[in-house]
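**Student:** Generate coordinates for the sequence data below:
(2 chains)
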Amino acid sequence: MRWRVLLLALLVLAGPAWAELPAQCRVAAHLAEPNFPLPKVAQAVAEKKFNILVVGAGSSQLPGANGAKNAYPARLQQALADQLTGIEVKVATDVKSRRTAAEMVKALPSILAATKPALLVWQTGTTDAMLAVDPDQFSHALDTGINTAHAAGADVILVNAQYSPRTESMIALSTYSEDMRWVALQQEVPLFDRFSIMRLWSDLGTFDLYSATKKLDIAERVHDCIGRLLADLVITAAKPEEQPTNGSR
Amino acid sequence: MAPVSTERDLRLDLFRGLALWLIFLDHIPSNAVSWLTIRNYGFSDATEIFVFISGYTAAFVYGRAMRQHGFVIASARVLKRAWQIYIAHVFLLAIYLAEIAYVANSFDNPLYSEEMGVLDFLKNPDVTIFQALLLKFKPVNMDVLPLYILLLAWFPPMLWLLLRAPSIALIASAVLYALMWFFEWNIPAYPSGVWVFNPFAWQLLFVFGAWCALGGAQNLSRWLNSPILVGLSIAYLVFAFGIAMTWYFPRLAVYVPKFVGEAIYPIDKTNLDVLRILHFLSLAVITVAFVPRNWPALKSRFFWPAIVCGQHSLETFCLGVFLSFAGHFMFTEVSNRLFMHVAVSVAGIAIMVAIAALISWYRQAERQGGGPRPPAAKPGLAGGDA
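**Tutor:** Numbering: from 1, shown residues only, chains lettered A, B, ... in the order given. You can find the predicted model right below:
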């Protein structure tokens, strides 16, 4: 598979659409392509007021005084604001570490009502994998969360777990990542495959994710790239003329 | 009802050996070489091959024992085997705990503060280790051996039934599988959730393997050679390959019609999805069609490394789990470049072959060296050596 991924990465590199990304993020750009449209986002962009809610656990934040500024939710806001000139982009966050999908779902209705987003970016899966939550309950929580957001008038993008090579032999992520993939396909919401993207970065040597560093520089660059790729996915999925057409419709 | 033949079918050893290699490659966390394993190109993976063949060999070995020495003796042998596997599992657990404790003390990257929480269980090892001994706490990639222990513990009555009324035994197994789906049976795990390989589901492949060993394969042979079945199998494998590609290239997902997606997802590994069974059966049909039982190449040097691993499957499996830990350690401490991934994968398989060959040689020497031999050959994980 890997050589094909490389080939595709090269093809994408040649495309002008990704020219504004820093090179280190760009190698994974093909993995951040949307497979489903985001109509509410398109509508919000047309109305020049675009509210986003990021719900997540510990891997959606960074420690330190500048943590909030450098974590991917803030980087997503920056990247969107740069590309969507003249549109008011606001990212609200509900991020607390060690939360399962079911716990996030409980808090969801009140936060959706308070922030009125056109898009919910929902990062989950790591805590469920660490606690070995029943996969059926996990899928059920994902379905409930997506339905809640849709009922509140928001599109959804799921974000799966981080690629964490050092702890990979200890956290059984694969079951939960697969569940997220199935739920995303069934619910027709894009999945931002953070795991595969970070794994590609690690394989290509873009970032050394094995590093035992206590410093924040790699973590900040990783979050910056995730924010940029997320922004590209959002913009591509929201563009009416570039919406992918589903073969069955 | 007699076994197909008393001569060992080398294809079983070959494919079990290959499955062991694939499981090893898949179990090294982050291993780039694992892209070549079958799980990336369809629905099923090496686990299905392994469970099926182990059921086959278990019936082959213990079925003979049950006919010759009766129910009690054969059952005692099966349970002794289950106990050996339990010991092997606990041994691997000790290595795993050592690895975790090492990571806990050496790694503190702020990007992964969330993930490090998985090490919290080291704070109360009393509960964790106790739950591990009860097979409720199972570290990542250590779910196969507990499944085997249960399947073997439950095998004697099943084998008894298989020897008397094979069709009824197979139907009973299928009914248990169906009831599992209907009532959502599984065994609870610690700290939460259920067993990753649901024994109520996976028993079906094990019993199907056993059924094939006890004459079922012979009854099926007329169907197995039909070009229609081979054609259908190829078509299904191509379909599964196409679907698998859409997982890696999101832009291809739009070509999957909505009704297909709704029909096939989720593809459940825990409960052994029907799509996975079909995928495995298709692979089996193709294999039987294109690799004849008496294919001379099976005795050639080329296939010997895989065959010798398949003949000592418990040892090779445990060694594979240990080597996958060691390989991961090499990635984190020495290098994680692609070269290292290839080197670790190749070296691991070479070590598995070398140890399997050593065991073979030792058994041979023991046999020739005189002294009283045990009454029957010592079986492998589920009768490997027989």
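
**Student:** of all of the stretch 251-386 of chain B, which residue lies closest to chain A?
**Tutor:** Taking C-beta to the nearest C-beta, chain A has its nearest neighbour within the stretch 251-386 of chain B at B:P266, 3.5 Å off. C-beta coordinates here come from the backbone N, C-alpha and C atoms, glycine included.

**Student:** Can you tell me the closest non-neighbouring residue to that residue?
**Tutor:** A:W182 (3.5 Å; C-beta to C-beta, 6 or more residues apart in numbering or on different chains).

**Student:** and that neighbour, how many neighbours?
**Tutor:** The criterion is other C-beta atoms under 10 Å in any protein chain shown. On that basis, A:W182 has 18 neighbouring residues.

**Student:** Hmm, B:E262 and it touching each other?
**Tutor:** No - the pair A:W182 / B:E262 is not scored as a contact, 10.6 Å apart, by C-beta atoms under 8 Å.

**Student:** Tell me how many other residues surround B:W223.
**Tutor:** So B:W223, with other C-beta under 10 Å, has 10 neighbours.

**Student:** Pretty sure it sits against B:L229.
**Tutor:** Yes - the pair B:W223 / B:L229 is scored as a contact, 6.0 Å apart, by C-beta under 8 Å.

**Student:** The lengthiest helix in chain A close to chain B?
**Tutor:** In chain A, taking DSSP state H as the definition, the longest helix is helix A:217-238. Yes - Helix A:217-238 comes into contact with chain B (C-beta under 8 Å from any C-beta of the partner chain), by way of A:218-219, A:222.

**Student:** from those, which has minimum pLDDT?
**Tutor:** Ranked by pLDDT, the residues of helix A:217-238 next to chain B bottom out at A:I218 (89).

**Student:** out of everything not next to it in sequence, what's closest to the residue nearest in space to the middle of chain A?
**Tutor:** In chain A, the residue lying closest to the centroid (C-alpha atoms, centre = their mean) is A:V159, at 3.8 Å. Nearest residue to A:V159, sequence neighbours excluded (C-beta to C-beta, 6+ apart): A:Q123, at 3.9 Å.

**Student:** Torsion angles phi and psi at the one you found?
**Tutor:** phi -100, psi 120 (degrees, to the nearest 10).

**Student:** what does A:D134 give?
**Tutor:** phi -50, psi 120.

**Student:** Report the distance from the helix or strand hosting A:V89 to the chain centre.
**Tutor:** Taking DSSP states H and E as the criterion, A:V89 maps to strand A:88-95. Relative to its parent chain, strand A:88-95 has a centroid offset of 14 Å by C-alpha atoms, centre = their mean, to the nearest Å.

**Student:** List the strands paired with it, with their directions.
**Tutor:** Using DSSP bridges, strand A:88-95 pairs in its sheet with strand A:49-56 (parallel).

**Student:** for the partner strand, which positions count as buried?
**Tutor:** Across strand A:49-56, burial judged by 16 or more other C-beta atoms under 10 Å in any protein chain shown covers A:50-56.

**Student:** could you dump it to PDB, C-alpha only?
**Tutor:** The C-alpha coordinates for strand A:49-56 follow below in PDB (Å, rounded to 0.1, in the frame of the first residue of the first chain):
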ATOM      1  CA  LYS A  49     -20.900  33.800   9.700                       C
ATOM      2  CA  PHE A  50     -19.300  30.500  10.500                       C
ATOM      3  CA  ASN A  51     -19.400  29.000  14.000                       C
ATOM      4  CA  ILE A  52     -17.500  25.800  14.800                       C
ATOM      5  CA  LEU A  53     -17.600  23.700  17.900                       C
ATOM      6  CA  VAL A  54     -14.700  21.400  18.700                       C
ATOM      7  CA  VAL A  55     -15.500  18.700  21.200                       C
ATOM      8  CA  GLY A  56     -12.600  16.500  22.300                       C
END
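
**Student:** Now do that strand: everything it contacts.
**Tutor:** Strand A:49-56 has contacts (C-beta atoms under 8 Å, 6 or more residues apart in numbering or on different chains) with A:41, A:44, A:60, A:72-73, A:76-77, A:80, A:84, A:87-95, A:104, A:107-108, A:111-112, A:115-124, A:154, A:159.

**Student:** quick one on the thing from earlier: any idea which element the residue of the stretch 251-386 of chain B closest to chain A lies in?
**Tutor:** Using DSSP H and E, no helix or strand contains B:P266.

**Student:** tell me the contacts of it?
**Tutor:** Applying C-beta under 8 Å, 6+ apart, the residues near B:P266 are A:139, A:178-179, A:182-183, A:186, B:273.

**Student:** Can you tell me the SS state at A:A65?
**Tutor:** Under DSSP: H, G, I helix; E, B strand; the rest coil, A:A65 falls in the coil class.

**Student:** Can you report phi and psi for it?
**Tutor:** phi -60, psi -40.

**Student:** ok so, going back, what comes up buried for the strand holding A:V89?
**Tutor:** Here strand A:88-95 shows A:89, A:91-95 as buried, counting by 16+ other C-beta under 10 Å.

**Student:** how about JSON lines for the residues you listed, with pLDDT and distance to B:A172 added?
**Tutor:** Formatted as JSON lines, these follow (pLDDT from 0 to 100; distance: C-beta to C-beta, whole Å):
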{"residue": "A:V89", "pLDDT": "94", "distance to B:A172": "61"}
{"residue": "A:V91", "pLDDT": "95", "distance to B:A172": "57"}
{"residue": "A:A92", "pLDDT": "95", "distance to B:A172": "56"}
{"residue": "A:T93", "pLDDT": "95", "distance to B:A172": "54"}
{"residue": "A:D94", "pLDDT": "94", "distance to B:A172": "50"}
{"residue": "A:V95", "pLDDT": "93", "distance to B:A172": "51"}
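
**Student:** how about JSON lines for these, with distance to B:A94 added?
**Tutor:** Shown next, in JSON lines, are the buried residues of strand A:88-95 (distance: C-beta to C-beta, whole Å):
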{"residue": "A:V89", "distance to B:A94": "53"}
{"residue": "A:V91", "distance to B:A94": "47"}
{"residue": "A:A92", "distance to B:A94": "47"}
{"residue": "A:T93", "distance to B:A94": "42"}
{"residue": "A:D94", "distance to B:A94": "41"}
{"residue": "A:V95", "distance to B:A94": "38"}
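
**Student:** Out of those residues, which is nearest to A:A212?
**Tutor:** Ranked by distance to A:A212 (C-beta to C-beta), the buried residues of strand A:88-95 are led by A:V95 at 24.9 Å.

**Student:** Isn't the closest one up against A:S60?
**Tutor:** Yes - using C-beta under 8 Å, A:V95 is in contact with A:S60, at 4.6 Å.

**Student:** hey, what's in contact with both of these two?
**Tutor:** Both A:V95 and A:S60 are in contact with A:54, A:71, A:73, where contact means C-beta under 8 Å, 6+ apart.

**Student:** With pLDDT added, can I get these in a markdown table?
**Tutor:** Shown next, in a markdown table, are the shared contacts of A:V95 and A:S60 (pLDDT from 0 to 100):
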| residue | pLDDT |
| --- | --- |
| A:V54 | 96 |
| A:A71 | 95 |
| A:P73 | 96 |
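
**Student:** Out of those, which comes closest to B:F241?
**Tutor:** A:V54 (36.0 Å).

**Student:** so how far is A:P73 from the closest one?
**Tutor:** In this view, A:V54 and A:P73 are 4 Å apart by C-beta to C-beta, to the nearest Å.

**Student:** for B:E333, same thing?
**Tutor:** Distance from B:E333 to A:P73, by C-beta to C-beta: 34 Å.

**Student:** more neighbours, those two?
**Tutor:** Neighbour count, other C-beta under 10 Å: between B:E333 and A:P73, A:P73 has more, with 26 against 12.
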